[in-house]
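*Asks:* got a predicted structure plus its sequence, pasted below:
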Protein chains: 2
Amino acid sequence: MASVAQQRLAARKTPRQARSAATWDAILEATIQVLLATGPGRLTTTRVAERAGVSVGTLYQYFPNKQALLHAVTERYLGIVAATVEQACQEQIGAPIGQMAGALVEAYWQAKVVRCDVTRALYSVAAVVDTADLAEAFSKRVERATAAMFASAPDARFADLEIVNLTLLTSLFGAVRSLFDRGLPKRWACGVQQQLIFMSRAYLEAVRIPSQAADDPRPRLSAA
Amino acid sequence: MASVAQQRLAARKTPRQARSAATWDAILEATIQVLLATGPGRLTTTRVAERAGVSVGTLYQYFPNKQALLHAVTERYLGIVAATVEQACQEQIGAPIGQMAGALVEAYWQAKVVRCDVTRALYSVAAVVDTADLAEAFSKRVERATAAMFASAPDARFADLEIVNLTLLTSLFGAVRSLFDRGLPKRWACGVQQQLIFMSRAYLEAVRIPSQAADDPRPRLSAA
DNA sequence: ACCTGAACACCGTTCAAGT
DNA sequence: ACCTGAACACCGTTCAAGT
């Protein structure tokens, strides 16, 4: 492993008292602020502490190091996105796959776009600190939700749902990330989101084993 | 822009003499070595200089700062990958789109996998330093090549080739990146590559406007 | 022309002292 | 219990001196 020795990344202590919890929140919030204001390269523990209205020492009472701080911010953010996608999947249980694909892409896209500055800031954090474990946990969580959703589709079965699911999500996550990295050209973004839905549908169509419930054998997908 | 003020990222001087060029190469090579050995977090200009067998001062004669150093390494690497994909596209001019899609995915995948440790190392660099310009130039270069390729397909036309091309490449680049970030589980990797080909074909199939040359109106794609 | 490496500034992290 | 901030160590970068 080329990775740095894994240090404690968990929070140093769980806030037990009210002012403690407030400080915790203030620090995480300040981290986002500084990230947005100065970028990850100039993010300094001193600056974060300043912005949060505490001293550096206090910051280090809550987070063992800068990594842990950024780790915690990412964890909180990914938790919100995962919950959003999970809910969307829940709502699509039993729906036709075409609709599921649309709902999935839209939910994920939406969750990323609502706070698109934060999204970008946290993408840029992802390589400064090792958030692989968080990304993995996030992927696993979403995979579970989408697999359950797809398995409930009345109009399709798959020879190997696991790999189809993995391919679909990997492409979706990756595509969205690429677009953010590229500054998300406004006039393309919306079109690409639509195209990603077409793409997901076309893929699921192509690899599905048609089941009895399907009335229309190969529904035509509308083009751009 | 949250990004740090763009400093000079170009090399400080172009090597004009033989020993100069050798030093330049040695430094870039050493950078990769250190990156692989210690990870981007522990990459130190002093360490790179040491490994290259020169002093820190010399390193700074060639690269104005650490960013520029990592920028140069990335530039060189992306140039190689772009050239590989360009060549593959060139070879597919006039072929059926299904075959083009397969060749594209395979060429890109292959180029990333041959030196997969380097690929991973440079992905991790991408956020520490701002290589957005390089990624953009790379994307543009590949987009041109694939657009020319797809435009030459005898069996398909597209209502909006530009956005289809963008969606396809964005998904491909992103998916591969996600897999690398996730440690590229050996037993999935190969299967996913195959699935990405299915996916690309299914998408192009779905959004294409069938032309006369197409004999089989909607060829069945094999499933997993 | 090209190289060297001690010196300086900045930032992550600690810890003795405060409330 | 929780907070403070001066002090220390490490690393990016410079520059006066060498070949």
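*Replies:* Happy to help now that I have it. Residues are numbered from 1 along each chain as shown, chains lettered A, B, ... in the order given.

*Asks:* which residue ranges form the strands in chain A?
*Replies:* Remark: strands assigned in chain A by DSSP state E are A:156-158, A:208-210.

*Asks:* tell me which of those strands lies nearest to residue B:99.
*Replies:* Counting by C-beta to C-beta, residue B:99 lies closest to strand A:208-210 out of the strands of chain A; the figure is 23.3 Å. Quick note: C-beta positions are derived from backbone N, CA and C, even for glycine.

*Asks:* and that closest one, what other elements does it pack with?
*Replies:* Judged by 3 or more C-beta pairs under 8 Å, 6 or more residues apart in numbering or on different chains; DSSP states H and E, strand A:208-210 is in contact with strand A:156-158.

*Asks:* given the strand it packs on, what are its sheet partners and their directions?
*Replies:* Within its sheet, strand A:156-158 is paired with strand A:208-210 (antiparallel), according to DSSP bridges.

*Asks:* give me the mean pLDDT for the strand it pairs with.
*Replies:* In this model, strand A:208-210 has an average pLDDT of 88.

*Asks:* do you have the helices of chain A handy? List them.
*Replies:* In chain A, the helices defined using DSSP state H lie at A:18-38, A:45-52, A:56-62, A:66-91, A:97-113, A:116-128, A:132-151, A:161-181, A:186-207.

*Asks:* pick the most buried one from these.
*Replies:* Among the helices of chain A, the stretch with the highest mean neighbour count (mean count of other C-beta atoms under 10 Å in any protein chain shown) is helix A:161-181, at a mean of 23.

*Asks:* wondering if it reaches chain B at all.
*Replies:* Yes - counting by C-beta under 8 Å from any C-beta of the partner chain, chain B is contacted by helix A:161-181 at A:163-164, A:166-168, A:170-179, A:181.

*Asks:* make TSV out of the helices of chain A and add distance to residue B:140.
*Replies:* Output for these, formatted as TSV (distance: least, C-beta to C-beta, whole Å):
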stretch	distance to residue B:140
helix A:18-38	28
helix A:45-52	36
helix A:56-62	42
helix A:66-91	30
helix A:97-113	24
helix A:116-128	20
helix A:132-151	28
helix A:161-181	13
helix A:186-207	13
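
*Asks:* mean pLDDT for those helices: which is lowest?
*Replies:* Across the helices of chain A, helix A:116-128 has the smallest mean pLDDT, namely a mean of 86.

*Asks:* figure out how far that one is from the centre of its chain.
*Replies:* Using C-alpha atoms, centre = their mean, to the nearest Å, the mean C-alpha position of helix A:116-128 is found 11 Å from that of the whole chain.

*Asks:* list the helices and strands it packs on?
*Replies:* Packed against helix A:116-128 by the contact rule (3+ C-beta pairs under 8 Å, 6+ apart) you find helix A:18-38, helix A:66-91, helix A:161-181, helix B:116-128.

*Asks:* of all of chain A, which residue lies closest to DNA strand D?
*Replies:* Across chain A, no residue is closer to DNA strand D than residue A:57, which sits at 1.9 Å (C-beta to the nearest atom of the strand).

*Asks:* domain-wise, how is chain A divided?
*Replies:* Chain A resolves into domains spanning A:4-66, A:74-209 when parsed by automatic domain parsing.

*Asks:* what about the longest one, distance to the chain center?
*Replies:* The offset between the C-alpha centroid of domain A:74-209 and the centroid of the whole chain comes to 8 Å, using C-alpha atoms, centre = their mean.

*Asks:* name the nearest residue to residue A:26, sequence neighbours excluded.
*Replies:* What sits nearest to residue A:26 in space, not counting adjacent residues and going by C-beta to C-beta, 6 or more residues apart in numbering or on different chains, is residue A:52, at 4.4 Å.

*Asks:* so who does the one you found touch?
*Replies:* With contacts defined as C-beta atoms under 8 Å, 6 or more residues apart in numbering or on different chains, residue A:52 is in contact with A:23, A:26, A:27, A:29, A:30, A:59.

*Asks:* redo those residues as JSON lines? Include distance to residue B:124.
*Replies:* Shown next, in JSON lines, are those (distance: C-beta to C-beta, whole Å):
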{"residue": "A:23", "distance to residue B:124": "32"}
{"residue": "A:26", "distance to residue B:124": "31"}
{"residue": "A:27", "distance to residue B:124": "26"}
{"residue": "A:29", "distance to residue B:124": "27"}
{"residue": "A:30", "distance to residue B:124": "26"}
{"residue": "A:59", "distance to residue B:124": "26"}
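
*Asks:* identify the farthest-apart pair in these.
*Replies:* Comparing all pairs in the contacts of residue A:52 by C-beta to C-beta, the longest separation belongs to A:29 and A:59, at 12.7 Å.

*Asks:* what pLDDT is listed against residue A:215?
*Replies:* Residue A:215 is assigned 48 on the pLDDT scale.

*Asks:* likewise the one 5 residues further on?
*Replies:* The per-residue pLDDT reported for residue A:220 equals 45.

*Asks:* which pLDDT does the model give the residue of chain A found nearest DNA strand C?
*Replies:* With C-beta to the nearest atom of the strand, the shortest gap between chain A and DNA strand C falls at residue A:65, namely 3.1 Å. According to the per-residue confidence, residue A:65 scores 95 in pLDDT.

*Asks:* how many other residues sit next to it?
*Replies:* Using other C-beta atoms under 10 Å in any protein chain shown, the number of residues around residue A:65 comes to 16.

*Asks:* could you measure from it over to residue A:51?
*Replies:* Distance from residue A:65 to residue A:51, counting by C-beta to C-beta, to the nearest Å: 18 Å.

*Asks:* cool, residue A:201 as well?
*Replies:* Relative to residue A:51, residue A:201 is positioned 45 Å away (criterion: C-beta to C-beta).

*Asks:* contact residues of chain A facing DNA strand C?
*Replies:* Where proximity means C-beta under 7 Å from any atom of the strand, the interface of chain A facing DNA strand C comprises A:42, A:43, A:44, A:45, A:46, A:56, A:57, A:60, A:64, A:65, A:66, A:67.
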